[in-house]
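Trainee: Any chance you could fold what I've pasted below:
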Amino acid sequence: MPKGLDVGTSFLITAEETSTGVVYKEFRDAFYRMKPATKIAAKMMERGLQNLTYLKDIDGSYVVVGADAIAKAIERHQSAQRPLYRGVISPREPDARRVLKFILAELVGTPITQGDTLVYSIPAEPVDQSDEDFNTGYHEDVLRKDLSELGWDARALNEAEAICYSELENEDYSGICMSFGAGMVNVCVMSSGEPVIKFSTTKSGDWVDRMAAQSTGQPDSIVQMEKEESEFVVGEESSNPILSAVSSYYVRLIDYTVQHLALRLSSSGDLPKFKGPIPVVVSGGTSRAGGFVEAFRQRMSSADFPLEISEVRHASDPLRAVARGCLLASVL
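Mentor: Numbering: from 1, shown residues only. Okay, the predicted model is just below:
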């Protein structure tokens, strides 16, 4: 039974074919460390966490993972940590690899048959950051090793390329697909099923949260919660100062991304000469904000773009398109 796995900065999502259709499972990519001050507090804390997913560290602390980690951090006016940063294993978190391995074991488990195929997503190299600061190769190798130790035949696939497989069937797999995740924006230009250009930029949802947090003096977790649980429209003012800041930085994110997209394609010698206009498909959790696709479409229409675009549309399931594409690739 093959699986697809979207290894996102904010969510990890699996896709698996069953007799009733594709089934998805998701796990929030977050952890929060709680260290009890006394032995009595440790016993009570363990009882209080019995319904949550956590691991116990050798120093006696409890590391809560998943969505509960964010909830616990907000309770204490702090921010949860993540094993991933800008799409790859975080160099800022000493516990990143160990926590990610624990999450992978909880989410994908072991295969029914040893050596079943699992295709997992990886980001492309960024065009706005030097290789010294960003290591996609190490990230890919660590994921393959950890998944192989669980019993899977693990194979890597570019994140935006996976969206092309999921969303471009009716266009003979020709077009541009973009994944607006938490940590990065990944881009793939595909021509008749062949990925010809792949790259990423390092500003996306987390950047919006961080800038809005700095502007309003709030922790990142509070901004993230407000953004995900409240309604706002990209580019419109809000009576909520956090949402107003988030909306403003969304506009800046879209401008930044379109500028880099146009520049990268204009300077590429590999850009195909398509016979006609091609679609742009926008996906990822960051793209689900109200008015996002409309704002992106408007910015694309005003940019000096090297290709003729037929439409800018949302993926059929923006949060799950990568996992679905990985699943499709796993059965090939």
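
Trainee: my guess is Cys326 meets Ser121, correct?
Mentor: Yes. Assessed by Cβ atoms under 8 Å, Cys326 is found in contact with Ser121 at 5.8 Å. (Glycine included, C-beta is placed from N, CA and C.)

Trainee: Common neighbours of these two, please.
Mentor: Here Cys326 and Ser121 have Leu5, Asp6, Leu157, Ala162 as joint contacts, going by Cβ atoms under 8 Å, 6 or more residues apart in numbering.

Trainee: Check the spacing between Glu236 and Ser266 real quick.
Mentor: 31 Å (Cβ to Cβ, to the nearest Å).

Trainee: residue boundaries of the strands in the stretch 51-200 of the chain?
Mentor: Remark: strands of the stretch 51-200 of the chain, listed N- to C-terminal, are 54-56, 62-65, 84-85, 88-89, 117-122, 153-158, 175-180, 185-191, 194-201; assignment by DSSP state E, counting those that start in this stretch.

Trainee: packing partners for the last one?
Mentor: Other elements packing on strand 194-201 under the criterion 3 or more Cβ pairs under 8 Å, 6 or more residues apart in numbering; DSSP states H and E are helix 159-167, strand 185-191, helix 241-266.

Trainee: any low-confidence regions in this structure?
Mentor: Under the criterion pLDDT under 70, the flagged ranges of the chain are 130-133.

Trainee: picking that back up, export the strands of the stretch 51-200 of the chain as JSON lines, with columns for distance to Leu107 and mean neighbour count.
Mentor: Output for the strands of the stretch 51-200 of the chain, formatted as JSON lines (distance: least, Cβ to Cβ, whole Å; neighbours: other Cβ atoms under 10 Å):
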{"stretch": "strand 54-56", "distance to Leu107": "14", "mean neighbour count": "17"}
{"stretch": "strand 62-65", "distance to Leu107": "10", "mean neighbour count": "21"}
{"stretch": "strand 84-85", "distance to Leu107": "14", "mean neighbour count": "24"}
{"stretch": "strand 88-89", "distance to Leu107": "16", "mean neighbour count": "23"}
{"stretch": "strand 117-122", "distance to Leu107": "11", "mean neighbour count": "25"}
{"stretch": "strand 153-158", "distance to Leu107": "13", "mean neighbour count": "19"}
{"stretch": "strand 175-180", "distance to Leu107": "19", "mean neighbour count": "27"}
{"stretch": "strand 185-191", "distance to Leu107": "21", "mean neighbour count": "27"}
{"stretch": "strand 194-201", "distance to Leu107": "23", "mean neighbour count": "19"}
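
Trainee: Please enumerate the strands of the stretch 201-332 of the chain.
Mentor: Assignment of strands within the stretch 201-332 of the chain using DSSP E, counting those that start in this stretch yields the ranges 278-283, 309-314.

Trainee: Next, the buried residues of the last one.
Mentor: I take that to be strand 309-314. Of the residues in strand 309-314, those with enough neighbours to count as buried (16 or more other Cβ atoms under 10 Å) are Ile309, Val312, His314.

Trainee: list the helices and strands it packs on?
Mentor: Taking 3+ Cβ pairs under 8 Å, 6+ apart as the contact definition, the neighbouring helices and strands of strand 309-314 are strand 278-283, helix 292-302.

Trainee: Just say which of these is most tucked in.
Mentor: Highest mean neighbour count among the helices and strands packed on strand 309-314 (mean count of other Cβ atoms under 10 Å): strand 278-283, with a mean of 24.

Trainee: what's the spacing between that one and its chain's center?
Mentor: Taking the mean C-alpha point of strand 278-283 and that of its whole chain, the gap between them comes to 17 Å (Cα atoms, centre = their mean, to the nearest Å).

Trainee: now it and helix 159-167, what's the angle there?
Mentor: Following axes from the mean of the first three to the mean of the last three Cα atoms, to 10 degrees, one obtains 110 degrees for the angle between strand 278-283 and helix 159-167.

Trainee: Just want the angle from strand 278-283 to helix 241-266.
Mentor: Following the same axes, to 10 degrees, one obtains 140 degrees for the angle between strand 278-283 and helix 241-266.

Trainee: hmm, who's touching strand 278-283?
Mentor: Residues contacting strand 278-283 (Cβ under 8 Å, 6+ apart): 163-164, 167-168, 171, 174-180, 292-293, 296, 300, 307-315, 318, 321-322.

Trainee: One more: stretch 236-249?
Mentor: Judged by Cβ under 8 Å, 6+ apart, the contacts made with stretch 236-249 from elsewhere in the structure are 207-209, 211-212, 215-216, 218, 222-223, 226-227, 230, 232-235, 291.
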